[in-house]
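S.K.: I'll drop the sequence and a predicted model, then ask my questions.
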Amino acid sequence: MGGLGPGIGGLEYVVIGIVALVVVGPERLPGMLRALGKMVAKARGMANEFRASFEDMARQSELDELRKEVDALRTGQMVPLGAAADEAFKDIKAELDKPAYVETPPNAVILDQPEFPEPVVAPPEAEPKPVPKTPRKPRASATRAAADGTTTKTPSAKTKAQAAKPRAPRKPKATV
């Protein structure tokens, strides 16, 4: 089942096409098919508009009912919900009013159970073990200096006097 409606299949479309070709003629057939397509599109558009307006009316009526309910709530006029709702609310209230624990009958035998069980305490967590530090490899320049027996002076080893001494501004080089 496919096409425009139920019960029209591929063979029926072929028969309709052959009849249209014979009746209308091959010269006017493309124009007629174009006009038919425009009419089908216009009919679908009208059906969509009708469906949309119908949905808008249904939505509007629902909104009107909601507005009435909100106005009734604002003014304090409650709309009765019915006997079934009242019965359900009574059942809920009865459940809420029940005690949270079950009382034991006076002739019941209790077998060595404490009235309140002791809370379960989690064991203390073990302290994490410190991770041993692995020695770093010395830099190549330091190993060469140690092998030569010479020491290198780092720039951070300046004396306090050198660090406190202000630097003289450099003279620009003369360009030729």
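M.R.: Great, that's in hand.
S.K.: name the helix or strand of the chain that has the lowest mean pLDDT.
M.R.: Within the chain, no helix or strand scores below helix 140-148, which has a mean of 58 by mean pLDDT, DSSP states H and E.
S.K.: which element is encountered next along the chain beyond the lengthiest helix in the chain?
M.R.: With secondary structure taken from DSSP state H, the chain has its longest helix at helix 29-75. Per DSSP states H and E, helix 29-75 leads on to helix 83-97 as the next helix or strand towards the C-terminus.
S.K.: which helices and strands sit right next to that next one?
M.R.: Helix 83-97 makes packing contacts with no helix or strand when contacts are defined by 3 or more Cβ pairs under 8 Å, 6 or more residues apart in numbering; DSSP states H and E. C-betas here are computed from N, CA, C, even on glycine.
S.K.: measure L66 to R59 for me?
M.R.: 11 Å (Cβ to Cβ, to the nearest Å).
S.K.: over to A174?
M.R.: With distances defined as Cβ to Cβ, the gap from A174 to R59 amounts to 89 Å.
S.K.: what about these two, which has more around it?
M.R.: R59 (10 against 5; other Cβ atoms under 10 Å).
S.K.: tell me the confidence at the more buried one?
M.R.: We have a pLDDT of 91 for R59.
S.K.: next: A72.
M.R.: Confidence at A72, expressed as pLDDT, is 82.
S.K.: okay, now the unreliable bits of the protein?
M.R.: In the prediction, the chain carries residues with pLDDT under 70 at positions 1-6, 77-80, 101-129, 137-169, 176.
S.K.: let's see it at 50
M.R.: 1-2 (pLDDT under 50).
S.K.: keeping just the C-alphas, turn the one helix or strand V23 maps to into CSV.
M.R.: In this assignment (DSSP H and E), V23 forms part of helix 10-24. Once side chains and other backbone atoms are set aside, the C-alpha atoms of helix 10-24 remain, and they are given as CSV (Å, rounded to 0.1, in the frame of the first residue of the first chain):
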residue,chain,number,x,y,z
GLY,A,10,2.1,0.6,-8.5
LEU,A,11,0.2,-1.2,-11.3
GLU,A,12,-2.8,1.1,-10.8
TYR,A,13,-0.5,4.2,-11.2
VAL,A,14,0.9,2.8,-14.4
VAL,A,15,-2.6,2.3,-15.8
ILE,A,16,-3.7,5.8,-14.8
GLY,A,17,-0.5,7.2,-16.4
ILE,A,18,-1.1,5.4,-19.7
VAL,A,19,-4.8,6.5,-19.8
ALA,A,20,-3.7,10.1,-19.1
LEU,A,21,-1.1,9.9,-21.9
VAL,A,22,-3.6,8.7,-24.4
VAL,A,23,-6.4,11.2,-23.4
VAL,A,24,-4.3,14.3,-22.8
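S.K.: kind regards, and thank you for your time.
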